[in-house]
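[1] structure of the sequence below:
(chains A and B)
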Number of protein chains: 2
Amino acid sequence: MIPIISIVGKSDSGKTTFIEKLLPELTRRGYRIATVKHDVHGFEVDREGKDSWRHKQAGAHTVIISSPTKAALIRNVDRDMTLDEIRDKLIREVDLILSEGFKKDVQPKIEIFRKARHKELLCTEEDHLIAVVSDREFDVGIPCFSLDDSKGVADFIEKKYLKSKKEEEIILKVDGRIVPLKPFIRDFLMGSIKGMVNSLKGCEKPNKIEIRIED
Amino acid sequence: MIPIISIVGKSDSGKTTFIEKLLPELTRRGYRIATVKHDVHGFEVDREGKDSWRHKQAGAHTVIISSPTKAALIRNVDRDMTLDEIRDKLIREVDLILSEGFKKDVQPKIEIFRKARHKELLCTEEDHLIAVVSDREFDVGIPCFSLDDSKGVADFIEKKYLKSKKEEEIILKVDGRIVPLKPFIRDFLMGSIKGMVNSLKGCEKPNKIEIRIED
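    Numbering: from 1, shown residues only, chains lettered A, B, ... in the order given. Next comes the predicted model:
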């Protein structure tokens, strides 16, 4: 599963600015990053009257606009999605998801804090705070990085969330829900499937196996 | 796999207008439809200076904007994606993909034709033409519907592409590539996995099983 980390902080703490420094640090190391930003005001993606806008108006669940340099997808939702839902319903082919904000979500959080602007941290460990980035020291039992130490934060994220990607893993979803697997079941299922797939022509050394069965 | 149908036709034949009639006909029957439109001129999704735009500029592979009513995703690509790639990399949770245009793609096509505007069909059966929608008759060995017969076209699409969704199917992907399965292997793999998953608590009657193994 793609790990998610939320960059949180009170308004004007410099979340976007820090993300702008962190992104090149992580992409330089070869990771593909998705960012997620919440927008309460609504946003205009395809202008009224354009074909894609007409598709949407006529009832399309999802609309894609594809060009030689970028692709966009727009879909209706009936409420704010959680970061888990955003990962499951929208994001593919990245190694890490960084959200800006989403303080109320359950994902691990890194808080940006500026002493000139704020008095207290926005989050505690109960909010799944895993690190602070600030121009003052905090003694809250978690790592504290300076505001310009995007390299240190990237090291921290890489060590804690990205190295594990290299371990072997199996995810089982039944009817859209992830089924937790005990180690024995996990090994049995993984071993059996890999054994079967290995025996197929051209599939001798698979790095990634994906299976979908629908009734 | 989500079926893809391209609505093609020369310029000004009424492709968007026909899609606007077809979409409500299909969504009324309970199908979720994604539409795909090609844009050669490029398009502006998130305005310069906005946070999501800054994320993209700083190197994000994918940017998501989430609101209570809709969600948008933008990602860079290095060339035009095929419809297959668009399906695999972007689209989830729909029953059918309708593209407007994409004449050169290999997907099945329905051509919109108006006699006042055009002399000859744009596509032949070699282009995977499966039906014509027109204000004149064509004797080309495939079904021909009138321009206002969105119901007839919906029946045709439903019968040919959507009913099969209800059949049991298994898709195996190894390292991102779909592996064709002979009937015996297909049944063996499906039977074994369903047997194993069935035996897990709470997974007695799965409609959909998804497994991902990564090395």
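[2] pLDDT on stretch A:180-196, on average?
    Mean per-residue pLDDT for stretch A:180-196: 84.
[3] enumerate every residue touching the closest residue to residue A:57 other than its chain neighbours.
    The spatially closest residue to residue A:57, leaving aside those adjacent along the chain, is residue B:20, at 7.7 Å (CB to CB, 6 or more residues apart in numbering or on different chains). Glycine gets a C-beta too; all of them are placed from N, C-alpha and C. For residue B:20, the contacting residues are A:54, A:55, A:57, A:58, by CB atoms under 8 Å, 6 or more residues apart in numbering or on different chains.
[4] where's the most centrally placed residue in chain A, which helix or strand?
    Centroid check for chain A by CA atoms, centre = their mean gives residue A:97 as the closest residue, at 2.2 Å. Using DSSP states H and E, residue A:97 sits within strand A:96-100.
[5] next one: that strand to chain centre, how far?
    Its chain's C-alpha centre lies 5 Å from the corresponding centre of strand A:96-100 when counted by CA atoms, centre = their mean, to the nearest Å.
[6] quick one: the helix or strand following that strand to strand A:96-100, angle?
    Along the chain past strand A:96-100, the next helix or strand (assigned with DSSP H and E) turns out to be strand A:109-113. Strand A:109-113 runs at 40 degrees relative to strand A:96-100, counting by axes from the mean of the first three to the mean of the last three CA atoms, to 10 degrees.
[7] hmm, who's touching stretch A:150-158?
    Taking CB under 8 Å, 6+ apart as the rule, stretch A:150-158 contacts A:5, A:18, A:21-22, A:25-26, A:29, A:31, A:96, A:110, A:131, A:133, A:143, A:145-146.
[8] just the buried residues out of those residues, in PyMOL syntax.
    Applying 16 or more other CB atoms under 10 Å in any protein chain shown to these, the buried members can be selected in PyMOL as follows:
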select buried, chain A and resi 5+18+21+22+25+26+31+96+110+131+133+145
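[9] what about the contacts of stretch A:150-158, which are in strands?
    Using DSSP state E, the subset of those located in strands is A:5, A:96, A:110, A:131, A:133, A:145.
[10] name the nearest of those relative to chain B.
    residue A:96 (9.6 Å; CB to the nearest CB).
[11] can you pull the contacts of the nearest residue to the closest one once chain neighbours are set aside?
    In space, residue A:96 comes closest to residue A:33 once its chain neighbours are excluded; the distance is 5.2 Å by CB to CB, 6+ apart. Listed by CB under 8 Å, 6+ apart, the contact partners of residue A:33 are A:23, A:26, A:27, A:94, A:95, A:96, A:97, A:98, B:59, B:60, B:61, B:62.
[12] which of these lies closest to residue A:74?
    residue B:62 (14.0 Å; CB to CB).
[13] what number of residues are in the vicinity of the closest residue to residue A:107 other than its chain neighbours?
    Ranked by CB to CB, 6+ apart and with sequence neighbours excluded, the top spatial neighbour of residue A:107 is residue A:4, at 4.4 Å. By other CB atoms under 10 Å in any protein chain shown, 24 other residues sit near residue A:4.
[14] put the alpha carbons of the strand holding residue A:97 into CSV.
    What follows is strand A:96-100 as a C-alpha-only set of coordinates in CSV (Å, rounded to 0.1, in the frame of the first residue of the first chain):
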residue,chain,number,x,y,z
LEU,A,96,4.4,8.1,-1.5
ILE,A,97,1.4,10.4,-1.0
LEU,A,98,2.0,13.8,0.7
SER,A,99,-1.1,15.6,1.7
GLU,A,100,-1.1,19.3,2.6
